[in-house]
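**Q** let me see the structure of the following:
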Amino acid sequence: MLTPSQIDEFHRNGFLNGGPVLTGEELKELRADLDSILEKGPDGFSNEEPQPVLFRNMSGRADGPDALAVWQIVNIWEAAPSFERLIYHPSIVKGISQLTDASDLMVWHDQIQYKPANYGGATRWHQDAPLWPIILPMTPVSAWVALDDADEENGCMWMVPGSYKWGDQMPYLRTQQHLEGREEFMNLQGFSPPADSEIKVVEPQPRPVKSGEVSFHHSLTWHGSPFNRSNRPRRAIAIHYMTGESRFVASGEHVMKQFVELKDGAPMAEAGEHFPAVCRGGEPVGAPA
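**A** Below you'll find the model as predicted:
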């Protein structure tokens, strides 16, 4: 359970470190399962075995063995039971319910973002919701769980307080895609928050997260992460949730659209097994037996 002061902090800034949620044994199992999948690689799964929806290098730089890499794995929960249990984690689900004030929640999708030691790439400044155009209202809050200590040295996330209240600013953030290194990542230039904003300055902050902790962020919060030049990996998973109000938008495109067989405007609660319910009536339902 999050405290009232934690909830106030989230609504002020658009992000919150919710503290530790995983035991040492849970971390050990999750890391082992992730490492096994990484070792297989995008082409290592047979047609008969469970596998993620997407497995790719997001950096777009795959021109050598040490090319910059940010490995994205979408819906790893469908390939590993430990990650399936994680999407139902009661502390995470309850936190999302509190921060969204939603009694019913489903999984939208998860995604691993793994930055290898020494040559981990950058995840450039962005907002989540504009990248998910097949659902409305927007997916409100995500949970980001660190499997390694994530700090400034190995490419932790940076966020901008109050930015979630400034609306869809992806056109501006696309002009800042040159910011990739730790030394320059905070140098967002050329944006003035709306005049009626509570927070009127753009002040990027590094947001370190210890292994086993969960960090919550709003889907319009500006965030990203610079290169990992350290000798430590940065393994983490973001779990994106939908509320019971979410509806399908047929005109949009997204990798998860292939699993949605609904009419335009239909509730995503009816979208099927790839979008499992994790909270009903304000209470986590728990992982399937």
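
**Q** quick check, central residue of the chain?
**A** residue 238 (3.0 Å; CA atoms, centre = their mean).

**Q** ok, what's across the strand from that one?
**A** residue 111, residue 144 (DSSP bridges).

**Q** check it and give its pLDDT.
**A** pLDDT, residue 238: 98.

**Q** same question, residue 65
**A** 48.

**Q** related to what we said a few turns ago, residues touching the residue nearest to the centre of the chain, list them.
**A** Residues near residue 238 by CB atoms under 8 Å, 6 or more residues apart in numbering: 110, 111, 113, 142, 143, 144, 145. Where you see a C-beta, it was placed from the backbone N, CA and C, and this is true even at glycine.

**Q** number of residues surrounding the closest residue to residue 53 other than its chain neighbours?
**A** Leaving out its chain neighbours, the residue that sits closest to residue 53 by CB to CB, 6 or more residues apart in numbering is residue 75, at 4.2 Å. Neighbours of residue 75 under the rule other CB atoms under 10 Å: 24.

**Q** ok, residue 248 next?
**A** Residue 248, neighbours per other CB under 10 Å, totals 20.

**Q** pretty sure it contacts residue 134?
**A** Yes: between residue 248 and residue 134 there is a contact under CB atoms under 8 Å: 6.4 Å.

**Q** list residues touching both of those two?
**A** Common neighbours of residue 248 and residue 134 (CB under 8 Å, 6+ apart) are residue 260.

**Q** now do the helix or strand hosting residue 217: distance to the chain's middle.
**A** Assigning secondary structure by DSSP states H and E places residue 217 in strand 213-218. Relative to the chain's own centre, strand 213-218 is displaced by 9 Å; criterion: CA atoms, centre = their mean, to the nearest Å.

**Q** give me the contacts around that strand.
**A** Strand 213-218 has contacts (CB under 8 Å, 6+ apart) with 10, 14-21, 91-92, 95-96, 99, 140-146, 157, 159, 164, 207, 209, 223.

**Q** please enumerate the helices of this protein.
**A** 4-13, 24-40, 81-87, 90-100, 170-173 (DSSP state H).

**Q** with mean neighbour count added, can I get those in a markdown table?
**A** Shown next, in a markdown table, are the helices of the chain (neighbours: other CB atoms under 10 Å):
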| stretch | mean neighbour count |
| --- | --- |
| helix 4-13 | 15 |
| helix 24-40 | 15 |
| helix 81-87 | 19 |
| helix 90-100 | 21 |
| helix 170-173 | 15 |
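
**Q** give the contact list for the nearest residue to residue 93 once chain neighbours are set aside.
**A** Nearest residue to residue 93 in three dimensions, chain neighbours excluded: residue 284, at 4.1 Å (CB to CB, 6+ apart). By CB under 8 Å, 6+ apart, residue 284 lies in contact with 88, 89, 90, 93, 94, 97, 278.

**Q** 6 Å instead, please
**A** 90, 93, 94 (CB atoms under 6 Å, 6 or more residues apart in numbering).

**Q** what do you get for residue 242?
**A** Contacts of residue 242 (CB under 6 Å, 6+ apart): 106, 108, 139, 268.
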